[in-house]
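Visitor: Take a look and give me a structure for this.
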Amino acid sequence: MKVVIIGGGAAGTAAATRLRRLNENAEILILEKTGELAVANCGLTYFLSEDIEDKRDLIGTTPEKLKRKYNIDVRLNTEVTAINRKEKTVSLAGKADESYDRLIIAIGALQLRPDIEGILTEQVFTLKDLASVERIKDFIKFNAPKNAIVVGGGHTGLETAEALVKLGIHTTIAEASPHLLPQFDEDMAAPLHNYLRSKNLTLYPGQRVTAFDESRVTLSSGESLRYDLAVIATGVSPDLKLPVLADLEIGESGGIKVNEHMQTSDKDIYAAGDAVEVRDFVSKQPIRAAQAGLAVKQAKTAADALGGVDSEFKHALGTSVIKIFDMTAAAAGLNEKKLKENNMEYYKLNLYDWDISSYMQGKELMLFKLLFSPDGQLLGAQGIGKNGIDKRIDTIAAAMQLNAGTAGLENLELCYSPLFSSAKDAVNNLGSMAQNIIEKRVKFAFYDDINQKNAIDGTMIVDIRSPEQFKEGKIPNAVNIPLYALRNNLTSIPHEKKVVLYCQYGVGSYIAACLLSNRGFDNIYVLSGGLQLYREITADRQLTPDIVRI
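Guide: You can find the predicted model right below:
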């Protein structure tokens, strides 16, 4: 059996090596159109920032190593121009056709380069491979730019911006969506925005770049900014030229349609990586998910099919993480926007918690958001903080895939030591609070519930902190009834209108809500995230007041 693999990235090399471990006799050939093989593209921004000094550290293997260790042939700088399904050959640019018995398409995705006036200006770059990074590094070395703009506020955009700041360049980020990291919700993006501004990054969320000239960039608002260097980081699109020309079926999401074995509409052709369509775990809808971990899993599944092993790739959860300066942001599942697009009913809550036991030195606050269905199905989670975010979101992601539900989160037995967590971890607290909402023991209010004119008149806002804390800062229109004085002031709490309680982070107001509920009040709400999150959102909105919010 001769297997030809188009693409020498993560998916292509993973498929080749897995297949060799399953079948010593197969003839395996990788065709890669560039001169780079098995490059860890996720590390390119760290090569730009010089956190990785030697580009060879990003190269996973070489053609020589694959030949010597696995007896896999690799041809670099070999572009496939057509897939001839009837003849079972692939056409190569400037070379003779190559035959195959089975074909794996692992061509990945194309770096999007938007149709913006002036985008071909010499100081406007994309970041897609080692060569592109070296071009940016050379430009910085010989031109000493002072002002840079990054177009796109996703993972690559933020990492690129951090790299440029580390290189001493004042950097601006323009993101067309209402906030950075579009897979997050606005309330969770607000603390990140505020943090990035503290690092001297200039942010323009909700702004598109409409034109470049040699020294200025124009935004959709009409504002013009000076720049010396620009990097386009607006995402990727599946490279579909070959599959479309070969008349392979393309799915609803615009990716190559495959079954659970990564088999395309042609029984002898398989596909894996950024160009394929998969199923979203939560919504069950077809999506495209460009992520190296998923690409490797899909490649394994395709190789298993060719190697006689019955395995399946069933879904993508969309788990992601980024560290930007000292802050970590991670997510799994769907956000509110996606849940609404899929007409899925959901509840939500925000929770502040400590990364380690609260009595330990060096503790740091973490902020989480949990999205879940009325019957307790976990739909999505987001987290932001300096420490401990990745392991909590990983834990929730695993619970989601195992259908543990909110009750499962509450009862998970997790590692505990004061140096690593609290006896009741943030994950447990998220599950416990979600269960309280489902079982109607507590109701939550959110920022817009108390910050919109149509909500203020019919709502009483109660600050349950001490008078000293109240004097230091409060939510407008709030009255102060400290938690310790609440039992003696029940007549001050109306029954006939909505009452929202808040404290600094939300724990004290939850206790107060339980107290009032037990005294017969059914109109009590807890402000999700407390005063801390309210202040974060307020500060962010004051700096981005004109965004159309979703």
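
Visitor: and after the helix or strand of the chain with the lowest mean pLDDT, which helix or strand comes next?
Guide: When each helix and strand of the chain is scored by mean pLDDT, DSSP states H and E, helix 453-456 comes last, with a mean of 56. Toward the C-terminus, helix 453-456 is succeeded by strand 459-463 as the next helix or strand (DSSP states H and E).

Visitor: What pLDDT is listed against L22?
Guide: What the model reports as pLDDT for L22 is 98.

Visitor: Just confirm it contacts S311, I think it does.
Guide: No. Contact between L22 and S311 fails when scored by CB atoms under 8 Å: they sit 10.8 Å apart. The way it works is simple: take the backbone N, C-alpha and C, and place the C-beta from them, glycine included.

Visitor: joint contacts of the two?
Guide: D304 (CB atoms under 8 Å, 6 or more residues apart in numbering).

Visitor: Point out where the stretch 101-250 of the chain drops to low pLDDT.
Guide: Scanning the stretch 101-250 of the chain for pLDDT under 70 picks out no residues.

Visitor: what comes up buried for the longest helix belonging to the chain?
Guide: Scanning the chain for the helix with the most residues, using DSSP state H, yields helix 292-307. For helix 292-307, a neighbour-count test (16 or more other CB atoms under 10 Å) marks 292, 294-307 as buried.

Visitor: now the angle from whichever helix or strand comes after it to helix 292-307?
Guide: The helix or strand immediately downstream of helix 292-307 is strand 320-324, counting by DSSP H and E. Angle between the axes of strand 320-324 and helix 292-307 is 140 degrees (criterion: axes from the mean of the first three to the mean of the last three CA atoms, to 10 degrees).

Visitor: Tell me which other helices or strands the helix or strand that comes right after strand 320-324 touches.
Guide: With elements assigned by DSSP H and E, the helix or strand that comes after strand 320-324 is strand 327-333. When contacts are defined as 3 or more CB pairs under 8 Å, 6 or more residues apart in numbering; DSSP states H and E, strand 327-333 packs onto helix 186-198, strand 320-324, strand 378-385, helix 389-401.

Visitor: Sort the buried residues of helix 292-307 by pLDDT and name the bottom one.
Guide: Lowest confidence among the buried residues of helix 292-307: A292, with 89.

Visitor: which residue packs closest to it, ignoring adjacent ones?
Guide: Nearest non-adjacent residue to A292, counting by CB to CB, 6 or more residues apart in numbering: A10, 5.0 Å away.

Visitor: The one you found and A290 touch, don't they?
Guide: No. The criterion here is CB under 8 Å, and A10 misses it with A290 at 10.9 Å.

Visitor: When these two are compared, which one has more neighbours?
Guide: A10 (27 against 16; other CB atoms under 10 Å).

Visitor: Quick check on the more buried one: phi, psi?
Guide: phi -60, psi -50 (degrees, to the nearest 10).

Visitor: Quick check: it vs L19, distance?
Guide: Per CB to CB, to the nearest Å, A10 is found 15 Å from L19.

Visitor: With L370 instead?
Guide: Counting by CB to CB, the gap from L370 to L19 is 40 Å.

Visitor: same thing with D97?
Guide: 22 Å.

Visitor: more neighbours, the two?
Guide: Using other CB under 10 Å, the more surrounded residue of D97 and L19 is L19, with 26 against 14.

Visitor: From what I see, that one and G308 are in contact.
Guide: No. L19 is beyond contact range of G308, at 10.4 Å (criterion: CB under 8 Å).

Visitor: sorry, back to before: and the pLDDT at the residue nearest to A292?
Guide: Reported pLDDT for A10: 92.

Visitor: got it, and G458?
Guide: At G458, pLDDT is 81.

Visitor: Quick check, it in contact with K497.
Guide: Yes. The pair G458 and K497 qualifies as a contact (CB under 8 Å) at a distance of 5.5 Å.

Visitor: and the closest residue to G235 other than its chain neighbours, what is it in contact with?
Guide: Once flanking residues are discounted, G235 sits nearest to L112: 5.2 Å by CB to CB, 6+ apart. For L112, the contacting residues are 232, 234-237, by CB under 8 Å, 6+ apart.

Visitor: Please identify which of these is nearest to E277.
Guide: Of all the contacts of L112, E277 sits closest to S237, with 13.0 Å by CB to CB.

Visitor: Kindly state the beta-bridge partners for the nearest residue to A426 once chain neighbours are set aside.
Guide: Using CB to CB, 6+ apart and skipping the chain neighbours, the partner closest in space to A426 is D353 (3.8 Å). Beta-bridge partners recorded for D353 (DSSP bridges): M366.

Visitor: For the strand or helix carrying S132, which outside residues touch it?
Guide: Per DSSP H and E: S132 is located in helix 130-143. Applying CB under 8 Å, 6+ apart, the contact partners of helix 130-143 are 35-36, 39, 44, 47-48, 55, 58, 123, 125-127, 145, 167, 169, 228-229, 231.

Visitor: Among the residues you listed, name the buried ones.
Guide: For those, buried by 16+ other CB under 10 Å: 36, 39, 44, 47-48, 55, 58, 123, 125-127, 145, 167, 169, 228-229, 231.

Visitor: Would you mind naming the residues that bridge with the closest residue to M188 other than its chain neighbours?
Guide: Sequence neighbours aside, Q382 is the residue nearest to M188 in space, at 4.6 Å (criterion: CB to CB, 6+ apart). Q382 forms beta bridges with A331, K369, as assigned by DSSP bridges.

Visitor: what about the strands in the stretch 451-550 of the chain?
Guide: For the stretch 451-550 of the chain, the strands defined by DSSP state E, counting those that start in this stretch occupy 459-463, 478-480, 498-502, 524-527.
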